[in-house]
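S.K.: Just the structure for this:
(one chain, ligands or ions: 2)
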Amino acid sequence: MRTVVVTGPPRADAQDVAALGAHGVATVHESMGRTGYLGPRLRPVHLGHRVAGTAVTVLSWPGDNLMIHVAVEQCRPGDLLVVATTSPSTDGMFGELFATALQHRGVRGLVIDAGVRDVAELGAMGFPAWSAAVSAQGTVKATPGAVNVPVTIGGQVIRPGDAILADDDGVVCVPRSRVADAVRAAEARAAKEEATRAAFQEGQLGLDRYGLRDRLTELGIEYVTYEQRLKDEA
Ligand SMILES: O=C([O-])CC(=O)C(=O)O
Ligand SMILES: [Mg+2]
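M.R.: Ligands and ions are numbered 1, 2, ... in the order given. Predicted coordinates for the structure are as follows:
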């Protein structure tokens, strides 16, 4: 593989990314037409974090974290490191030493389609990470890869500078050119959900609020009393 390190790619607008971070992953994913979600394999290493940042991408050989070291130098405050491997791997490519270096550079977190280790230390440092695995398996620093090229995780293409939002529900990628739109859409959805929440707190049913009773009729779903059901079964 040819080693490519792309320096200084344009990032999504910092204010838009900050506004995105006010919303949950599910809200943003839904409001973008159910796109961008990296899938359930990417799990939070620790619960309770919600971060939004701009992607610095890494394509690494499995079991080799050389390119993560290269990528650290490319990171700026507000970035979020996104690591993919050229073939599936669960090795523990990332731990508290990397997190220390990234924290020093103002990096908001890590998304890695492989393993992390030093889980207790990452928790104590408050460094947010989402990974496909937790693994103590050590790795080498030997093989070329790429930094700041498009990578694919969970079927989603992540380009350098895209906005990444991650929380307890997982990770969503918003293309750099769509972040402002995504914020507007998320705000609209959040307002709609706020009204729904208030209605549910008052006891309104989803069946009525969403007009689902007609749907049940269309689907031919019948209501039968328990007694009738017993008779029918007899
Ligand atoms: O050094 C490594 O290979 C990964 C690790 O454990 C760390 O970053 O602390
Ligand atoms: Mg370590």
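
S.K.: measure residue 73 to residue 56 for me?
M.R.: Note on residue 73: its distance to residue 56, by CB to CB, to the nearest Å, is 10 Å. All C-beta atoms are positioned from the backbone trio N, CA, C, and that covers glycine.

S.K.: out of these two, which sits in the more crowded spot?
M.R.: Taking other CB atoms under 10 Å, residue 73 and residue 56 do not tie; residue 56 has more neighbours (27 against 12).

S.K.: list the contacts for the more buried one?
M.R.: Going by CB atoms under 8 Å, 6 or more residues apart in numbering, residue 56 touches 71, 74, 75, 79, 80, 81, 82, 107, 147, 148, 160.

S.K.: swap in residue 9?
M.R.: Applying CB under 8 Å, 6+ apart to residue 9 gives the contacts 148, 160, 161.

S.K.: Closest residue of this structure to ligand 2?
M.R.: Per CB to the ion, residue 95 is where the chain lies closest to ligand 2, at 3.2 Å.

S.K.: before we move on, the earlier item: filter the contacts of residue 9 down to the ones close to ligand 2.
M.R.: Here nothing survives when those are matched to ligand 2 using CB under 5 Å from the ion.

S.K.: Now, of these, which are buried?
M.R.: The neighbour count (16 or more other CB atoms under 10 Å) marks 148, 160, 161 as buried among the contacts of residue 9.

S.K.: Kindly confirm my reading that the second one forms part of a helix.
M.R.: This means residue 160. No: assignment of residue 160 by DSSP: H, G, I helix; E, B strand; the rest coil gives coil, placing it outside any helix.

S.K.: That one is in contact with residue 58, isn't it?
M.R.: No: counting by CB atoms under 8 Å, residue 160 does not reach residue 58; the two are 9.9 Å apart.

S.K.: The strand ranked longest in the chain pairs with which strands?
M.R.: Longest strand in the chain by number of residues (criterion: DSSP state E): strand 51-60. Note on strand 51-60: by DSSP bridges, its sheet partners are strand 79-85 (parallel), strand 146-147 (antiparallel), strand 163-167 (antiparallel).
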